[in-house]
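*Asks:* Pasting a predicted model and its sequence here:
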Amino acid sequence: MADLTILGSGVSGLTSAITLLEHGYDVQIVTKEKTEETTSAVAGAIWFPYEARPFKKVNAWSLESFNKFKALSKDASTGISMIDYAIILNTSEKPWWLQSIPPDHIISDSVSGFYNKDYSGYIVNIPLIETPVYLPWLVNHFKSLGGSFSIREISDLDELNEFDLAINCTGLGAKKLFGDTEMYPIQGQVVRVSPDSSVRGMATDFHFGKNSEEMAYIIPRKDGIILGGSARLDVDSIKPDPEFSSRIIDYNSEYEQKLKELPVLETKVGLRPGRSEIRLEKDPNFSVVHNYGHGGAGYTVSWGCANSVLELVRKSLS
Ligand SMILES: Cc1cc2nc3c(=O)[nH]c(=O)nc-3n(C[C@H](O)[C@H](O)[C@H](O)COP(=O)(O)OP(=O)(O)OC[C@H]3O[C@@H](n4cnc5c(N)ncnc54)[C@H](O)[C@@H]3O)c2cc1C
């Protein structure tokens, strides 16, 4: 079998690499940054299809990933668990992403009994991904299957001639490397406060704030509660804004008052790899299969996209 080179060691690169190794391919990862320095390491993360297109494919990839995460949740060492989570809506219309949730995981079609007040929306039972546990688990699993890493930036497309077939999982890096003008950063800031097992998870599936670029979400991890956040289109700074951190705590406290009392542990900013549509296809000019542009749903679609990468690799090599 041909040697495969994955570009990138975020969640997309690692998940694609593991899927290919599990199907008998030899795989190496070439990456500019180590996993802990990637956007993937900034994410909360909760399984939820957010800021990713096209909707139909995102639903299919998300459902495939849901089932895989559910299976992984049986093993505590993965950092995956299934939790009841509130999605708060400001409309009575059925959201597009509802189809990606298995019906027996839709607990309620209103958010009542979760907080002091009732809201429109859904309570769903979905995967929580504790990224500080899950990413090292992915790295170790990749290595245990025989995968290897090298730290190197690919700065010229001619360098790709060295590889039999490359899988491009460079996230926002693809903008520069492939001159992809459809890509844009979606800046997101999160605050981590001390853990409190009584705080329940939720997200508003609508944006608010001055430029409609804020939303509230609470991800109750064991190492702390992640509070979000922002979705600032085309903003590429990763400098935290302390004033905005206070606002994040304020508006999440409207749902869960306890949050105001919990000590702040850290603030992080990451750049989601935004794109008009996720790019998952064989490049017409290079020996490259693309898998990037997952926006705010890189974890949510990861296993489904990796299965599509496997299909494209098989086709490319046949
Ligand atoms: C605040 C925030 C919260 C989020 N919450 C969630 C969530 O709850 N659920 C969810 O599903 N998603 C969430 N996301 C989105 C998710 O983090 C991203 O979609 C995902 O991390 C993208 O992963 P990736 O592997 O494609 O890219 P990245 O993690 O960015 O990895 C890209 C890799 O490519 C490498 N690279 C780039 N250019 C080159 C080059 N030229 N040569 C070699 N290597 C290169 C980088 O070094 C890196 O290793 C969130 C994101 C943010 C910022």
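*Replies:* Received, thanks.
*Asks:* what bits of the chain have low per-residue confidence?
*Replies:* When residues are selected by pLDDT under 70, those of the chain lie in 1-2.
*Asks:* what are the ranges of the helices in it?
*Replies:* For the chain, the helices defined by DSSP state H occupy 11-22, 55-72, 131-144, 173-177, 242-253, 302-317.
*Asks:* got TSV for those, with mean neighbour count too?
*Replies:* Where you see a C-beta, it was placed from the backbone N, CA and C, and this is true even at glycine. Listed next are these as TSV, based on neighbours: other CB atoms under 10 Å:
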stretch	mean neighbour count
helix 11-22	26
helix 55-72	19
helix 131-144	18
helix 173-177	20
helix 242-253	16
helix 302-317	20
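*Asks:* Serialize those helices to CSV and add fields for distance to Ile167.
*Replies:* Formatted as CSV, those follow (distance: least, CB to CB, whole Å):
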stretch, distance to Ile167
helix 11-22, 5
helix 55-72, 16
helix 131-144, 13
helix 173-177, 12
helix 242-253, 35
helix 302-317, 6
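*Asks:* so which of those helices gets nearest the ligand?
*Replies:* The minimum distance between the ligand and the helices of the chain falls on helix 173-177, with 2.2 Å, by CB to the nearest ligand atom.
*Asks:* helices or strands up against the closest one?
*Replies:* Here helix 173-177 is seen to pack against strand 183-193 when contacts are counted using 3 or more CB pairs under 8 Å, 6 or more residues apart in numbering; DSSP states H and E.
*Asks:* before we move on, the earlier item: can you put the helices of the chain in a markdown table and add distance to the ligand?
*Replies:* A markdown table is the format used below for the helices of the chain (distance: least, CB to the nearest ligand atom, whole Å):
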| stretch | distance to the ligand |
| --- | --- |
| helix 11-22 | 3 |
| helix 55-72 | 9 |
| helix 131-144 | 8 |
| helix 173-177 | 2 |
| helix 242-253 | 11 |
| helix 302-317 | 7 |
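*Asks:* Out of these, flag the one nearest Phe208.
*Replies:* Closest to Phe208 of the helices of the chain, according to CB to CB: helix 242-253, at 8.0 Å.
*Asks:* Using CSV, write out the CA atom coordinates for that closest one.
*Replies:* In CSV, the C-alpha atoms belonging to helix 242-253 read as follows (Å, rounded to 0.1, in the frame of the first residue of the first chain):
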residue,chain,number,x,y,z
PRO,A,242,-10.3,41.0,29.3
GLU,A,243,-13.4,43.2,29.0
PHE,A,244,-15.1,40.7,26.7
SER,A,245,-14.3,37.9,29.2
SER,A,246,-16.3,39.8,31.9
ARG,A,247,-19.2,40.1,29.4
ILE,A,248,-19.0,36.3,28.7
ILE,A,249,-19.4,35.6,32.4
ASP,A,250,-22.2,38.1,32.8
TYR,A,251,-24.4,36.8,30.0
ASN,A,252,-23.9,33.2,30.8
SER,A,253,-24.8,34.0,34.4
